[in-house]
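> model this:
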Amino acid sequence: MVRGKTQMKRIENTTSRQVTFSKRRNGLLKKAFELSVLCDAEVALIVFSPRGKLCEYASSGMQNTIDRYQRLARDVQTNSKAIEQSVQNLKYEYANMEKKIELLEVSKRKLMGEDLGSCSIDELQQIENQLTQSLSNIRGRKTQLFKEHIEQLKEKERILKAENRILREKALQQTILDRQIVPHNQSSPHTDVETELSIGIPERGNVCSPSEN
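Okay, here's the model as predicted:
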């Protein structure tokens, strides 16, 4: 069975209250001293008794600790104000961004031809001028891209023509070189010998008689 926590309340009996105060005060002073020694902490303790008597303990001097506390408290307060101001600035910027986004959304819908029922003639004329200017910018950019593409094609054509000219020159040089070389198995025209061989009985005019010999 778990017991509930006992609720603390003021001791009504004056004598008991004074005795309890003395005991708890001494224990508190002892704990403050132990904390400063064991943990090398700067501790300052101020206690006023029910009758207004001061009890204090300070490991590094009470006034030094109070001054240090006040400096840190001022720094914390200053930092808190700076943080609060920064938060306010962020909220203000966020609200402005929301308004700008809303205006841009409205403008976008109108440029798309939506929500034009509440527009006046001047607003419609302004929207038309914006669309005309946008269309002009788009056409200008398109024309520029076409020109750049044509220039690239011309540059490729120039490179291909140069390569073709080089190949033609190489082919012509090779043809001239081939014509200057004479094959080894070709006969010279001055070495041709005509020979005539006859088989059979010689003709009479060409045969010598024995008496002529």
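> lowest mean pLDDT among the helices and strands, pick that one out for the protein.
When each helix and strand of the chain is scored by mean pLDDT, DSSP states H and E, helix 62-111 comes last, with a mean of 89.
> what average pLDDT does the very next helix or strand once past that helix get?
Sequence order places helix 121-180 as the next helix or strand after helix 62-111, per DSSP states H and E. Helix 121-180 carries an average pLDDT of 91.
> so which elements touch helix 121-180?
The contact analysis (3 or more C-beta pairs under 8 Å, 6 or more residues apart in numbering; DSSP states H and E) places helix 121-180 against helix 62-111. (Each C-beta comes from the backbone N, C-alpha and C, glycine too.)
> so the helix it packs on versus helix 121-180, what angle?
80 degrees (axes from the mean of the first three to the mean of the last three C-alpha atoms, to 10 degrees).
> nearest residue to the middle of this structure?
residue 97 (23.7 Å; C-alpha atoms, centre = their mean).
> and for residue 59, the neighbour number?
Residues lying near residue 59 (other C-beta atoms under 10 Å) number 18.
> and what of residue 55?
Counted with other C-beta under 10 Å, the neighbours of residue 55 add up to 15.
> name every strand pairing with the helix or strand harbouring it and say which way it goes.
Assigned by DSSP H and E, residue 55 belongs to strand 54-58. Counting by DSSP bridges, the strands paired with strand 54-58 are strand 44-48 (antiparallel).
> buried stuff in the strand it pairs with?
The neighbour-count check on strand 44-48 (16 or more other C-beta atoms under 10 Å) flags 44, 45 as buried.
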